[in-house]
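> turn this into a model:
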Amino acid sequence: QVQLVESGGGLVQPGGSLTLSCAASGSIFSINTMGWYRQAPGKQRELVATITSGGSTTYADSVKGRFTISRDNAKNTVYLQVNSLKPEDTAVYYCNADRIATTRRITYREVWGQGTLVTVSS
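Prediction:
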């Protein structure tokens, strides 16, 4: 069994910053692409950013220049630095791994974390 656990959410004022973390655990051998998604109240879940195992990144247009995704493969952890936050960034932020291979030769696909809430409000 593998799991992703997010942390770092909270209440922040407009213009503020946060660092979200997502740690994977469970006899992990390798993780392919990891990403952050978010779901605002009453809206569908949307892609925020992704990063491959080699470090290639993609971003949603709405967060380009404000958010930065990074990962530490040795720690099986992905980060999302969120700057210049706006009220419309308020959402539950979810971590995703599209494929996790374990040392037990079991591969898990589309693994999700439980989410961490980011609220941007004055």
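
> so Leu47 sits against Ala60, correct?
Yes: Leu47 is within contact range of Ala60, at 5.7 Å (criterion: Cβ atoms under 8 Å). Any C-beta I mention is one placed from the backbone N, CA and C, and that applies to glycine too.

> tell me which helix or strand the most centrally placed residue in the chain sits in.
With distances taken as Cα atoms, centre = their mean, Trp36 lies nearest the centre of the chain, 3.0 Å away. Applying DSSP states H and E as the criterion places Trp36 in strand 34-39.

> count the residues that sit near Val92.
18 (other Cβ atoms under 10 Å).

> need the phi and psi values for the closest residue to it other than its chain neighbours.
Of all residues not flanking Val92 in the chain, Gly115 sits nearest, at 4.2 Å (Cβ to Cβ, 6 or more residues apart in numbering). Main-chain dihedrals, Gly115, degrees, to the nearest 10: phi 100, psi 150.
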